[in-house]
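> below: sequence and its predicted model.
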Amino acid sequence: MPRWLGERMQALGRVVVEAIVHEYGRDELLRRLAHPFWFQSFGAVMGMDWHSSGITTSVMGALKRGLEPVAGELGIHVCGGRGRHSRRTPDELRSVADRVGVDGDALARTSRLVAKVDSAAVQDGFELYLHSFVVSDDGSWVVVQQGMDRGCRQARRYHWLSDTVVDYLEAPHAAIDGPPRGEILNLTDRRASASKQAQLEMIGTGPDRVLGILRRLREDRAPLFRAPDEEVLPNLRMPARHDVRPSDVVLQRLRGVLAAAAENGPQDFSHLLLSSGVGARTVAALALVAEVVHGAPSRFSDPARYSLALGGKDGHPFPVPLAVYDETIAVLRHAVERARLGNGDRLAAIRRLDQQARRLEAGARGPDVAAFLTEECRRAPERAGRTVFDRQLEAGDERSSSRRSFERCRKTARSRDQLELPGFDR
């Protein structure tokens, strides 16, 4: 993660979390983090590669660093992380518990149990390497952890929410997000209760009976367990590519955002624009960020659309426009700070911007995705567009770096035939 993006992700993540907690409360924030579609959209709107496994690590890392200065005020604490940081989670939870007055030993036990379930009771070929535990002052929590299949280099994310956990060994997950990888051993499935009971019985009978069962199974070549057809659940399928294509985006939703930006938002949004000096492009980014704050779950079925707010660090769908990113953070920060002081007019105006974008969807007309990406790539230099492929910035060199980002984006598109956009050479 480049420093220029990491610091901005921390700032944007913090202000989005503050807005959600202010508008809907801490429990709603935890519910959002437990929703994989929303989580993916949140990472995309922050400028990460819109569907890579790095979203999980980067989003949770940005939240941990960004929320630390205001954790006491918000009542939201992010513990754990990747690798060695995950092993510190129980100690971090006990430290938080000592400060806020909840049971730290119980939280530490939950952390260990959740990690054990996803590494032992669910054996799916994905080795856990990230364990993030978010806890509120009243002891409610959400866990986001991720495993990697080193053979295919794909990731699987596991979401847990305290409100939905009744039994840690029976359907405890809020969601599991990742590509299918064949048959797995899942002892948390409700249909595995007989298997769990049989295991307990076999433990008490000694090894001879276990070995006898295994020999018969080997001779008969019979499956241990054959599951009936599973119920169809909401499923988010991500393509094996980084470029954003029209099929990845619900076009009418995008057009609603662009129409709201063209009209400069609702009437009471005008004073917010005048005081901040932002333009229509920042309004479009704000509308997408506002949807992350206020949107219903059904709105997050196309996370690629949120990458159109502030681009992506790998140059897809376009270089991250730092000028737009900084203006977006500034407007949101000013609105949240006024709301904390008892004046919520700016934050309410941002909520109405999201509402107006939705109202305009039905009849909005405008550019398609290809035309939008063409324009964004063309204007990347003037908006200080950056990618991870740029050389280290020298003082005052953002515009030339943005030009390099644009040229690299163009060459990549030509060589890989990933974008066929009219006027891309302009």
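Yep, that arrived.

> how far off centre is the longest helix seen in the chain?
If you go by DSSP state H, the chain has its longest helix at helix 3-24. Taking CA atoms, centre = their mean, to the nearest Å, one finds the center of helix 3-24 at 12 Å from the center of the full chain.

> let me see the mean pLDDT of it.
Mean pLDDT, computed over helix 3-24, is 96.

> and for stretch 344-363?
Rounded mean pLDDT across stretch 344-363 is 88.

> and what of stretch 377-389?
Mean predicted confidence for stretch 377-389 is 93.

> also stretch 70-89?
94.

> how is the protein divided into domains?
The chain breaks down by automatic domain parsing into domains covering 3-180, 189-223, 246-416.

> including mean neighbour count and distance to Met238, could these go into a markdown table?
Any C-beta I mention is one placed from the backbone N, CA and C, and that applies to glycine too. Listed next are these as a markdown table, based on neighbours: other CB atoms under 10 Å; distance: least, CB to CB, whole Å:
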| stretch | mean neighbour count | distance to Met238 |
| --- | --- | --- |
| domain 3-180 | 19 | 4 |
| domain 189-223 | 11 | 24 |
| domain 246-416 | 19 | 8 |
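
> mean pLDDT lowest for which of these?
Among these, domain 189-223 scores lowest, with a mean of 75.

> with adjacent residues omitted, what lies nearest to Arg333?
Excluding the flanking residues, the one nearest Arg333 by CB to CB, 6 or more residues apart in numbering is Val15, at 5.2 Å.

> returning to that earlier point: just put the domains of the chain in TSV and tack on distance to Leu236.
Shown next, in TSV, are the domains of the chain (distance: least, CB to CB, whole Å):
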stretch	distance to Leu236
domain 3-180	6
domain 189-223	21
domain 246-416	7
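
> for Ala240, which of those is the nearest?
Between Ala240 and the domains of the chain, the shortest separation by CB to CB is 9.0 Å, and it involves domain 3-180.

> on that earlier part again, tell me what the following helix or strand past the longest helix of the chain is packed against?
Next in sequence after helix 3-24, counting helices and strands by DSSP states H and E, comes helix 26-33. Where contact means 3 or more CB pairs under 8 Å, 6 or more residues apart in numbering; DSSP states H and E, helix 26-33 is packed against helix 3-24, helix 36-45, strand 127-136, strand 141-149, strand 154-161.

> what lies in contact with helix 26-33?
Residues from elsewhere that reach helix 26-33 (CB atoms under 8 Å, 6 or more residues apart in numbering): 17, 20-21, 38-39, 42, 74-76, 134, 136-138, 140-142, 144, 159, 161-163.

> make it 6 Å
Helix 26-33 has contacts (CB atoms under 6 Å, 6 or more residues apart in numbering) with Ile20, Val21, Trp38, Gly75, Ile76, Ser136, Ser140, Val142.

> of all these, which two lie farthest apart?
Longest span within the contacts of helix 26-33, CB to CB: Trp38 and Gly75, 20.4 Å.

> quick one: the helices in the stretch 51-200 of the chain?
Under the criterion DSSP state H, counting those that start in this stretch, the stretch 51-200 of the chain contains helices at 54-67, 71-74, 84-87, 89-100, 104-116, 193-203.

> make CSV out of those and add distance to Gly182.
Shown next, in CSV, are these (distance: least, CB to CB, whole Å):
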stretch, distance to Gly182
helix 54-67, 22
helix 71-74, 41
helix 84-87, 27
helix 89-100, 30
helix 104-116, 23
helix 193-203, 19
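
> circling back to that earlier point, which strands or helices does the longest helix of the chain pack on?
Contacting helix 3-24 under the criterion 3 or more CB pairs under 6 Å, 6 or more residues apart in numbering; DSSP states H and E are the following elements: helix 54-67, helix 280-294, helix 322-340.

> hmm, who's touching the first one?
Helix 54-67 is contacted from outside by 1, 9-10, 13-14, 43, 48, 78, 82, 130, 132, 146, 157, using CB under 6 Å, 6+ apart.

> and the angle from that helix to helix 89-100?
Interaxial angle, helix 54-67 versus helix 89-100 (axes from the mean of the first three to the mean of the last three CA atoms, to 10 degrees): 30 degrees.

> what about helix 54-67, distance to the chain center?
9 Å.

> same check on stretch 65-72?
That offset, for stretch 65-72, works out to 19 Å (CA atoms, centre = their mean).

> and what of stretch 202-216?
On CA atoms, centre = their mean, the centre of stretch 202-216 falls 45 Å from that of its chain.

> and stretch 248-267, by the same measure?
Per CA atoms, centre = their mean, the centroid offset for stretch 248-267 relative to its chain is 22 Å.

> over to stretch 373-388?
23 Å.

> first-to-last residue distance for that stretch?
In stretch 373-388, first residue to last residue: 19 Å (CA to CA, to the nearest Å).

> check stretch 64-79 too.
OK, stretch 64-79 end separation, CA to CA: 7 Å.

> wait, Trp38 touches Phe300, no?
Yes. Assessed by CB atoms under 6 Å, Trp38 is found in contact with Phe300 at 5.0 Å.

> next one: the closest residue to His294 other than its chain neighbours from Val292, what distance?
Counting by CB to CB, 6+ apart, Asp354 is the residue found nearest to His294 once chain neighbours are left out, at 4.9 Å. Asp354 sits 9 Å away from Val292, taking CB to CB, to the nearest Å as the criterion.

> do Val257 as well
For Val257, the distance to Val292 - CB to CB - is 12 Å.

> how about Arg181?
30 Å.

> same check on Val388?
23 Å.

> ok, Gly366 next?
Gly366 is 21 Å from Val292, by CB to CB.

> before we move on, what about Phe126?
Distance, Phe126 to Val292, by CB to CB: 27 Å.

> got the angle for the longest helix of the chain vs strand 127-136?
40 degrees.

> what's near enough to touch Ala339?
His22, Leu347.

> can we start the residue count at 625 from this point?
Taking 625 as the first residue, the last one we looked at is Ala963.

> quick one: furthest residue from the center of this structure?
Checked against the mean C-alpha position of the chain, the extreme residue using CA atoms, centre = their mean is Asp832, at a distance of 48.6 Å.
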